[in-house]
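J.: Structure, please.
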Amino acid sequence: IVPADAGVYTCRGIQDSLTQEAKVELALEKKISFENTLLEQFVRQGEDSLVQCRASAIPGPEISWFVKGNNAEIKNDNKYSITNDGLTVRNVQIEDEGIYICQASVTQTGEVKRAEINVQVMM
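T.: Got it, this is the predicted structure:
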């Protein structure tokens, strides 16, 4: 089965001039996986750096970011920018070092998966 196979299928039966139809929808699911996501990443102090995290799933996942020990979700602001490739940390400082959590979730299936990324600041 490939993604192009997804869709609505119809089965039609005819007997003695009576026609019966049944329809079924084939929806594909693929569990969340993290691709090209290193669990230890290095960023340079004073620069804008990307903490890479790429998750894939069918249906596509929503990505959220957290810093371990802080329950608040990271949002786009002057310090952080969330992209499809990861989290950009602007003007990296030593206090930005720590464990960042990249959380992928698929609402339709209820699946949630996390990658804990140890971010170390290089001088």
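
J.: residues touching K23, list them.
T.: V8, Y9, T10, C11 (C-beta atoms under 8 Å, 6 or more residues apart in numbering). All C-beta spots, glycine's among them, are computed from the backbone N, C-alpha and C.

J.: got JSON lines for those residues, with secondary structure too?
T.: Shown next, in JSON lines, are those (DSSP: H, G, I helix; E, B strand; the rest coil):
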{"residue": "V8", "secondary structure": "strand"}
{"residue": "Y9", "secondary structure": "strand"}
{"residue": "T10", "secondary structure": "strand"}
{"residue": "C11", "secondary structure": "strand"}
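
J.: tell me which of those residues is nearest to Q52?
T.: V8 (37.7 Å; C-beta to C-beta).

J.: So for the closest one, what's the pLDDT?
T.: V8 is assigned a predicted lDDT (pLDDT) of 93.

J.: Break down this structure into its helices, ranges please.
T.: With DSSP state H, there are no helices along the chain.

J.: That one: strands as residue ranges?
T.: 7-15, 18-26, 30-35, 40-44, 49-52, 54-58, 62-67, 70-74, 80-82, 86-89, 98-106, 111-122 (DSSP state E).

J.: Do I have it right that R114 meets C102?
T.: Yes - applying C-beta atoms under 8 Å as the test, R114 and C102 come out as touching, 6.9 Å apart.

J.: Look at the nearest residue to N78 once chain neighbours are set aside and say how many residues are nearby.
T.: In this structure, N78 finds its nearest non-sequential neighbour in R90, 6.9 Å apart by C-beta to C-beta, 6 or more residues apart in numbering. Other residues within reach of R90, judged by other C-beta atoms under 10 Å, total 14.
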